[in-house]
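Chemist: Next comes the sequence, and after it the predicted model I'd like to discuss.
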Amino acid sequence: MGIDEKTKAAAWQQIRQFGDPVLKEESRLAKPGVDMRQLAERMIKIMYAADGVGLAAPQIGILQKIIVFRFGKDEPKVLLNPEVTWRSEEVITEPEGCLSLANLAVDVPRAASIKVKGQDLDGEEHEYELEGLQARILQHEIDHLNGVMINSRTSREQRKDLMARLRQVKLPGER
Ligand code: ZN
């Protein structure tokens, strides 16, 4: 599925970037319902158009505990009020990007496996055990709901380098 440049630029315009105070806020509990379903649909569209693998509501300026994500070619998924209930002692450090950091990546240590619980859009409780990239995506998106981003999870050197790269980068559609 090709995404045209206009759609891509329009999606990127809606994604709050580093420095926006909303990204440092803690989100409120999300209530299932029509509004939440519409929000999820909007977030999924933005995630695909920006070619991301996950998106948290604060990234579009909405302080509600809702995340959308996708694993490979699977259908996109939505979780309300997700929480990590268990994490493995084993930690893996790998490059990780963020749409709110212009998709730039830094090395981030994450638990290799986690258990996550949350609700779907009907309010049903689910618990998942995830590992590898899937565990990484969920830890990243849940961080956003707590106002935490990868710049505060990487080394001092990489943070400095990230800030320098951020000053140079242009978002899709920017001149
Ligand atoms: Zn992010």
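Modeler: Nice, thanks for sending it over.
Chemist: Point out where the chain drops to low pLDDT.
Modeler: For the chain, the stretches flagged by pLDDT under 70 are 1-2.
Chemist: May I have the longest strand seen in it as CSV, with CA atoms only?
Modeler: Counting by DSSP state E, the longest strand found in the chain is strand 77-87. The C-alpha trace of strand 77-87 is given here as CSV (Å, rounded to 0.1, in the frame of the first residue of the first chain):
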residue,chain,number,x,y,z
LYS,A,77,-4.5,-3.3,17.7
VAL,A,78,-5.9,-0.9,20.3
LEU,A,79,-5.4,-1.0,24.0
LEU,A,80,-7.0,1.2,26.6
ASN,A,81,-5.3,1.8,30.0
PRO,A,82,-2.4,-0.6,29.2
GLU,A,83,-0.1,-1.5,32.1
VAL,A,84,3.0,-3.6,32.3
THR,A,85,2.3,-6.1,35.0
TRP,A,86,5.5,-8.1,34.7
ARG,A,87,8.9,-7.6,33.1
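Chemist: show me what contacts residue 86?
Modeler: 114, 115 (C-beta atoms under 8 Å, 6 or more residues apart in numbering). No exception for glycine: its C-beta is placed from N, CA and C like everyone else's.
Chemist: All the helices of this protein, residue numbers only.
Modeler: 5-14, 34-49, 132-145, 156-168 (DSSP state H).
Chemist: Save the ones you listed as a markdown table, and put in mean neighbour count and distance to residue 65 too.
Modeler: Formatted as a markdown table, the helices of the chain follow (neighbours: other C-beta atoms under 10 Å; distance: least, C-beta to C-beta, whole Å):
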| stretch | mean neighbour count | distance to residue 65 |
| --- | --- | --- |
| helix 5-14 | 16 | 19 |
| helix 34-49 | 17 | 10 |
| helix 132-145 | 21 | 5 |
| helix 156-168 | 12 | 26 |
